[in-house]
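**Q** Below are the sequence and a predicted model for it; my questions follow.
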Amino acid sequence: MTGFTLDPRLDADTLPICDLPLSSVRLLIDANYPWVVLVPRQPDLVEIVDLSRHDQGWLWDEIARVSTALRTITGCDKLNVAALGNVVAQLHVHVIARFRTDPAWPAPVWGKVERRPYDPAARDRLIAELRAALA
């Protein structure tokens, strides 16, 4: 989409997985949780309601696709889906695989523990599995 630029904080905190018809799909760099972020590739979006009704439907479809892929790959106990935007205003949707054994369970993940870098092989394997599942 013309005029779209990824927020620098999202760019710094995530790695690209793939592009779906509407959204860029990215892995948050935090090995504490398998955490994917969808960013609709349209300029000046802050809220889901800023998308056209048609594109809102596309976004929900993409959230469901990513959620299904993440649950299948990780075998998680729960999926958390959120569009907060309090720190980064650019519209983005978090899809987080949660486990009863994760460091924040059962609380929300934000601010609970320090981010942990991925082992490069584990990171690359997760990205490859997500790309394959979303292809």
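**A** Noted; the coordinates are in hand. Here the structure is a predicted model, which is why all the values come from computation and not from measurement.
**Q** Next one, pLDDT for G3 please.
**A** Reported pLDDT at G3 in the predicted model: 89.
**Q** right, and it touches P43 too?
**A** Yes. With contacts counted by Cβ atoms under 8 Å, G3 reaches P43, the gap being 3.7 Å. Every residue, glycine included, has its C-beta placed from N, CA and C.
**Q** and the longest helix for this structure?
**A** Ranked by number of residues, the top helix in the chain under DSSP state H is helix 53-74.
**Q** after that one comes which helix or strand?
**A** Downstream of helix 53-74, the next assigned helix or strand under DSSP states H and E is strand 78-82.
**Q** for the record, mean pLDDT for stretch 118-130?
**A** pLDDT averaged over stretch 118-130 gives 98.
**Q** and it, which residues are buried?
**A** Under the neighbour-count criterion of 16 or more other Cβ atoms under 10 Å, stretch 118-130 has 118, 126-127, 129-130 buried.
**Q** contact partners of it?
**A** The contact list for stretch 118-130 (Cβ atoms under 8 Å, 6 or more residues apart in numbering) reads 15, 17-18, 25, 27, 29, 31, 34, 36, 66, 69-70, 73.
**Q** let's see it at 6 Å
**A** Residues outside stretch 118-130 that contact it (Cβ atoms under 6 Å, 6 or more residues apart in numbering): 17, 27, 31, 69, 73.
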